[in-house]
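> Need coordinates for the below:
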Amino acid sequence: MVAGGGAKSAAYILLFVNLVIFFIVTVIAAWAMNHGIQRSREAASVLSIPLRIFPIYFPMGNMATGFFVIFSLIAGVVGIATSLTGLHNVFQWDGPSLHTAAASSLVSWSLTLLAMGLACKEIELGWTTGNLRTLETMTMIVSATQLFSTCAIQAGVEVAIAEQRDRTAARR
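Okay, the predicted model is just below:
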């Protein structure tokens, strides 16, 4: 029972931390998307034809910025939804709810890893603003905390299944 309580409290803490970090990632990525949309017309007008028609050109950062911002925004929104539903599912603490939380956490972690990979590419290309560096850093941090959250939820799945087996065996 102690292991179940530890996994449950760890999952709660990590899901709440992820909720906050994913919110920050979403806000910064939404700002960058808005900034890029507003300034791309005037900034792209001086570029040559192939770059001017590139659909994901951002007037800040480098050529990886557009993809990074889009995938960070998607990962942030999915991460917020995963954290909120994960908190609800961990509160219920039964097998089916924890399996749902584990599956959605794995999807959110996959999207976050994709955004983190694009952040690494953007760092490799260089020349980014401070806001984009903050978004890169937060994306890398949330990819690690999302991994720990996924592991804590999976540990909770194992504990909940063991508790359910014990209850079933005690009834017989």
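> got any ranges where the chain has weak pLDDT?
Residues of the chain meeting the criterion pLDDT under 70: 1-4, 40-59.
> all strands for it, in order.
With DSSP state E, there are no strands along the chain.
> Helices along that one, start to end?
For the chain, the helices defined by DSSP state H cover 2-44, 49-52, 65-92, 95-125, 130-171.
> Pick the most buried one from those helices.
Among the helices of the chain, ranked by average contacts under mean count of other CB atoms under 10 Å, first place goes to helix 65-92 (a mean of 21). C-betas here are computed from N, CA, C, even on glycine.
> now it and helix 95-125, what's the angle there?
Helix 65-92 runs at 160 degrees relative to helix 95-125, counting by axes from the mean of the first three to the mean of the last three CA atoms, to 10 degrees.
> quick one, helix 65-92 and helix 130-171 angle?
30 degrees.
> What is helix 65-92 packed up against?
Here helix 65-92 touches helix 2-44, helix 95-125, helix 130-171, going by 3 or more CB pairs under 8 Å, 6 or more residues apart in numbering; DSSP states H and E.
> Which stretch among those approaches Gly76 most closely?
Of all the helices and strands packed on helix 65-92, helix 2-44 sits nearest to Gly76, with 3.3 Å by CB to CB.
> centre of the chain versus that closest one, how much separation?
6 Å (CA atoms, centre = their mean, to the nearest Å).
> Quick one: residues contacting the closest residue to Gly156 other than its chain neighbours.
Nearest non-adjacent residue to Gly156, counting by CB to CB, 6 or more residues apart in numbering: Ala7, 4.3 Å away. Residues in contact with Ala7, defined by CB atoms under 8 Å, 6 or more residues apart in numbering, are Ala152, Ala155, Gly156, Val159.
> Tell me the spacing between Ala7 and Ala64.
Note on Ala7: its distance to Ala64, by CB to CB, to the nearest Å, is 38 Å.
> can you check Gln154 too?
For Gln154, the distance to Ala64 (CB to CB) stands at 32 Å.
> go on, Gly36?
Distance from Gly36 to Ala64, by CB to CB: 13 Å.
> Repeat that for Asn89.
From Asn89 across to Ala64, the span is 35 Å (CB to CB).
> Next: Ala119.
Counting by CB to CB - Ala119 and Ala64 are separated by 9 Å.
> between the helices and strands packed on helix 65-92, which gets nearest to Ala81?
helix 95-125 (7.8 Å).
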